[in-house]
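sequence and predicted structure are below.
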2 protein chains.
Amino acid sequence: MSNFENLLKEKAEFADKIIKSYVPINIGIMSKIIETMDYSVMAGGKRLRPILIMETARKFDFDIDELIPFMAAIEYIHTYSLVHDDLPAMDNDKYRRGKLTTHAKYGEAMGVLAGDALLNYAFEIGISSIKESKNKDLAIDALEVLARNAGYSGMIGGQASDIENEGKDMDLDMLDYIYENKTGALIEAAMSMGAILGGASEDEISDIEDAASSIGMAFQIMDDVLDVIGDEKELGKPLHSDEKNNKTTYVTIYGVEEAKKKVEYYINDAKEILSNVGNPNPFLDELLDYLTVRSK
Amino acid sequence: MSNFENLLKEKAEFADKIIKSYVPINIGIMSKIIETMDYSVMAGGKRLRPILIMETARKFDFDIDELIPFMAAIEYIHTYSLVHDDLPAMDNDKYRRGKLTTHAKYGEAMGVLAGDALLNYAFEIGISSIKESKNKDLAIDALEVLARNAGYSGMIGGQASDIENEGKDMDLDMLDYIYENKTGALIEAAMSMGAILGGASEDEISDIEDAASSIGMAFQIMDDVLDVIGDEKELGKPLHSDEKNNKTTYVTIYGVEEAKKKVEYYINDAKEILSNVGNPNPFLDELLDYLTVRSK
C-alpha cells in the first residue's frame, strides 16, 4: 500500500468511527428501526463525503469539533439515498458492497422506513449541532447547504429525472443535469460545508463549489466506466447493470476510453481551481488523482 | 354550519394558503418531482397540525410570522408520511381523501422520491426560517422538537413497530407506544412548537406536551372508531381497513362504545391540563370537543 493509500484508509476509519458514534443506542421498544438503520450505516463504504468535508476545511480554518456532526449527517443522508435506491420500486438491487441490501434483509416496508429514519436523523444531528456550535451562523449556513443539495433542487431532483428517463434516449444536457444532481449535489454539499465551516469567504466558497461540481461529474463518469470494466468482487455488486437497465451513460455515448478522458478532464479542472483557493492540501490533490484510477 | 365549524374552516383555509405558498415553483428540468410533491400536498386534509401550532401559540405570545414556516414544515412532514404509508410495500392504498394516492398516480418510484423530497423540504423550510427568525434560539428549539418527534424516536419508530406487529397479537403497552408515536408524536410536536415559539416556560411546554399526548391518543382511537362506523364518502377511503389487515386496535380490544369512551377520557384529560396553562383559548377547547364527534 502506498503512503497515500494508508492515509486514505486511516481517514476513512476515522470517519467511520464518527459515523458509528452517532448510531442511536439500540434498546427497548424501538429496537427494530434502530437495528435496521444500524445495518444500513454499518455496511461500510468509502466515506468519501465526510472525508471531503474534512479535507476541504483543512484548506481554511480547521476545527474538527465543528465538522464532526456534519461528517456524520452527510453520510446518513448518503446512506438513506442508497437504501431507497436499492428498493424494488427503484433499482431493485439485492446486494451492495457484497452484503444484502436493507430491504432484502429486513423487508421492503422496513427499507422505506429505515431510509426515512436515516434522512430524518441526519437533520436531527445537524440541528443539535447548531446548538453546540462555537459559530451558530456558520453551522446554520452549512446545514442549509446540506438540506438544499439533498432535496428536490439537488440529489432527489436528479434521481427523479433519472427514473423518468429510464429506457428513453437522453441528450447530454439531461444526462449532465442528472449527474450534477444525483451524484454531484452531495459531493458539492460536502466541500461547500467544509469551506463554510472553515470560515472561507463567499468567493472562496463559490470556487470550492465549482471544483466540487467537476469532481462530482468525474466521480459519476468513473462509476459508469467501472460498471463496464470493473471487478465485481471489488465493487461488491454485479457489473453491466446500466446495460441491463437500458441506461444512457457517458460510456454508452462516448465509449470507455473517451469517458475515461472526461474523468481526467474534470479532475484536472478541479485541481486547477483548488490550487488557487485556500491553503494547499496535497492529500486532497492525491485523493482526486486516486478517483481517476479507483477500482471500487 | 355552527360558528365553530365556520371558524375551523377559515383556519384550515388559512393554513392551506400558507402550505401552498411554500410549494416550489414548477419550472424547467425539475418539473416532475415538483409536480409530484405538489400533487401530494394539494390533496388537502384537515390541516390539523398547523392549526394546533397556531392555536397553542395563541395561549402565549402569538406572533404569526414566527409560526408560518413551521406550520408549513409540519404539514410537509405529515404529507410525506402519508405518501410513504400508502406505498404498496406499506398499507398499499390506492385512494386517500377520494383521490388517487401519489404512487397510484405517478408510479411507485416517484412515490418513494416525492415522500423523500417532502421530508427533506420540511427541513429546508425550517432551517431557512431560523435565519429569518426574530428569536433564533426559539426557532432552533422548535425545529429540534419537530425533527425528534418525526424520527426514529417518534413517528417513524411508531410506524416501524406498527409494521412489525401486523397480524400479531399485541398487548396494550405496545399498542399505546404505537399510537403515542405513529400518530401522537407529530401532534405533540405541533403543540410543543406552538408553545416554544410563543415563549412558554419549560414547565408550560411540558404541560402542553402532556395535553398533546392525550389528544394524540384520542385522535388515533377516534380513527379506529371511524374505520368501523364512519362514512366512506366523508372519509374518502374504504372502511374496515383495520379488519382487512388483521390489525389490533382499541376497537378490536374494547369494542366501539368503550373505545369512544376512551376518546372522551383522553380529551377531557387534555382540556383539564390546558385550562391550567397559558391564556384561555376557547376555540382550542371547542376543537378538542369536535375531535370526539368528527366524521372524517
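In hand now; what should we look at? Numbers count the residues shown, from 1 in each chain, chains lettered A, B, ... in the order given.

and stretch A:17-37, what's buried?
Residues of stretch A:17-37 classed as buried: A:18-19, A:22, A:24, A:30, A:32-34, A:36-37 (neighbour count, 16 or more other CB atoms under 10 Å in any protein chain shown). To be clear about C-beta, it is placed using only N, CA and C from the backbone, and glycine gets the same treatment.

and it, anywhere near chain B?
Yes. Contact check for stretch A:17-37 against chain B, using CB under 8 Å from any CB of the partner chain: residues in range are A:24, A:29-30, A:32-34, A:36-37.

format the residues you listed as a markdown table; extra columns: secondary structure, pLDDT and distance to residue B:208.
What follows is the residues of stretch A:17-37 next to chain B, written out as a markdown table (DSSP: H, G, I helix; E, B strand; the rest coil; pLDDT from 0 to 100; distance: CB to CB, whole Å):
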| residue | secondary structure | pLDDT | distance to residue B:208 |
| --- | --- | --- | --- |
| A:24 | coil | 90 | 26 |
| A:29 | helix | 76 | 24 |
| A:30 | helix | 74 | 24 |
| A:32 | helix | 88 | 30 |
| A:33 | helix | 94 | 27 |
| A:34 | helix | 95 | 28 |
| A:36 | helix | 95 | 32 |
| A:37 | helix | 96 | 30 |
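
just these now: which is nearest residue B:271?
Minimum distance to residue B:271 across those is 28.7 Å, recorded for residue A:29 (CB to CB).

so the closest one makes contact with residue B:177?
Yes. The criterion here is CB atoms under 8 Å, and residue A:29 meets it with residue B:177 at 5.2 Å.

give me the common contacts of those two.
Both residue A:29 and residue B:177 are in contact with residue B:161, where contact means CB atoms under 8 Å, 6 or more residues apart in numbering or on different chains.

can you list the residues of the stretch 1-150 of chain A near chain B?
By the rule CB under 8 Å from any CB, the part of the stretch 1-150 of chain A lying against chain B is A:24, A:29-30, A:32-34, A:36-37, A:80, A:84, A:87-90, A:107-113, A:115-117, A:119-121, A:123-124, A:127-128, A:130-131, A:136, A:140, A:143-144, A:147-148, A:150.

what is the neighbour count of residue A:210?
Residue A:210 is surrounded by 17 other residues when neighbours are defined as other CB atoms under 10 Å in any protein chain shown.

cool, residue A:73 as well?
Using other CB under 10 Å, residue A:73 has 31 neighbouring residues.

with residue A:202 instead?
Using other CB under 10 Å as the criterion, residue A:202 is surrounded by 9 other residues.

and the one 10 residues further on, by the same measure?
Using other CB under 10 Å, residue A:212 has 27 other residues around it.

in terms of contact, does it touch residue A:187 like I think?
Yes. Residue A:212 sits in contact with residue A:187 when judged by CB under 8 Å, with a separation of 5.4 Å.

shared neighbours, those two?
Common neighbours of residue A:212 and residue A:187, counting by CB under 8 Å, 6+ apart, are residue A:52.

show me where the stretch 151-296 of chain A has helices.
Defined through DSSP state H, counting those that start in this stretch, the helices belonging to the stretch 151-296 of chain A, from first to last, are A:155-164, A:172-178, A:184-197, A:202-229, A:232-235, A:241-244, A:250-254, A:256-275, A:282-293.

list the helices and strands the first one packs on?
Based on contacts counted as 3 or more CB pairs under 8 Å, 6 or more residues apart in numbering or on different chains; DSSP states H and E, the elements that helix A:155-164 packs against are helix A:64-85, helix A:172-178, helix A:184-197, helix B:31-42, helix B:108-132.

and if you look at the longest one?
For helix A:202-229, the elements it packs on are helix A:48-57, helix A:184-197, helix A:241-244, helix A:250-254, helix A:256-275, helix A:282-293, judged by 3+ CB pairs under 8 Å, 6+ apart.

tell me the most buried of those helices?
Comparing these on average neighbours per residue, with mean count of other CB atoms under 10 Å in any protein chain shown, the densest one is helix A:184-197 at a mean of 28.

hmm, it in reach of chain B?
No. No part of helix A:184-197 sits near chain B under the criterion CB under 8 Å from any CB; the closest distance found is 11.4 Å.

tell me which other helices or strands that helix touches.
Counting contacts by 3+ CB pairs under 8 Å, 6+ apart, the secondary-structure elements packed against helix A:184-197 are helix A:48-57, helix A:64-85, helix A:136-150, helix A:155-164, helix A:202-229.

related to what we said a few turns ago, tabulate the helices and strands packed on helix A:202-229 (JSON lines), appending mean pLDDT and distance to residue B:237.
Compiled in JSON lines, the helices and strands packed on helix A:202-229 are given as follows (pLDDT from 0 to 100; distance: least, CB to CB, whole Å):
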{"stretch": "helix A:48-57", "mean pLDDT": "98", "distance to residue B:237": "41"}
{"stretch": "helix A:184-197", "mean pLDDT": "98", "distance to residue B:237": "36"}
{"stretch": "helix A:241-244", "mean pLDDT": "79", "distance to residue B:237": "38"}
{"stretch": "helix A:250-254", "mean pLDDT": "94", "distance to residue B:237": "44"}
{"stretch": "helix A:256-275", "mean pLDDT": "96", "distance to residue B:237": "49"}
{"stretch": "helix A:282-293", "mean pLDDT": "92", "distance to residue B:237": "50"}
